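> only the shape, not the letters, is given here:
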């Protein structure tokens, strides 16, 4: 799971194994260790109808409805967003990059643009 924070928006990108783990465990969690402090970020599956998020005790928790996860896991749906409330939230599949990058992308979803001519 990768997060991107810019301004008042939070984007969460999920690899194929992230989606499988979410279906099984209903929770993904990771952290960034700053030595004295740690920033924890989590994605939790809930029985709700929209994406939401909280920030408490150095932990960002993004809540994703179970129905959205099912659609993400079982269809070609790319992602979901909530633009009605702040911050702007987006959860999406992590596609392989079209450019050559050093990052391991073996667990990413195939990029649908990779087969299209430039």
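Right, received. Where do you want to start? Owing to the predicted nature of the structure, the values given are computational and were not obtained by experimental measurement.

> which residues in the protein form helices?
Applying DSSP state H to the chain gives helices spanning 16-25, 66-74.

> helices or strands up against the longest one?
The contact analysis (3 or more C-beta pairs under 8 Å, 6 or more residues apart in numbering; DSSP states H and E) places helix 16-25 against strand 27-33, helix 66-74. Quick note: C-beta positions are derived from backbone N, CA and C, even for glycine.

> apply 10 Å and report the result again.
Using 3 or more C-beta pairs under 10 Å, 6 or more residues apart in numbering; DSSP states H and E as the contact definition, the elements that helix 16-25 packs against are strand 9-14, strand 27-33, strand 38-46, helix 66-74, strand 88-93.

> can you check the shortest one too?
Applying 3+ C-beta pairs under 10 Å, 6+ apart, one finds that helix 66-74 contacts strand 9-14, helix 16-25, strand 38-46, strand 79-82, strand 88-93.

> can I get the ones you listed in CSV including mean neighbour count and mean pLDDT?
As requested, those are exported to CSV (neighbours: other C-beta atoms under 10 Å; pLDDT from 0 to 100):
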stretch, mean neighbour count, mean pLDDT
strand 9-14, 20, 94
helix 16-25, 15, 95
strand 38-46, 17, 97
strand 79-82, 17, 92
strand 88-93, 19, 94
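
> sweet, I'm off.
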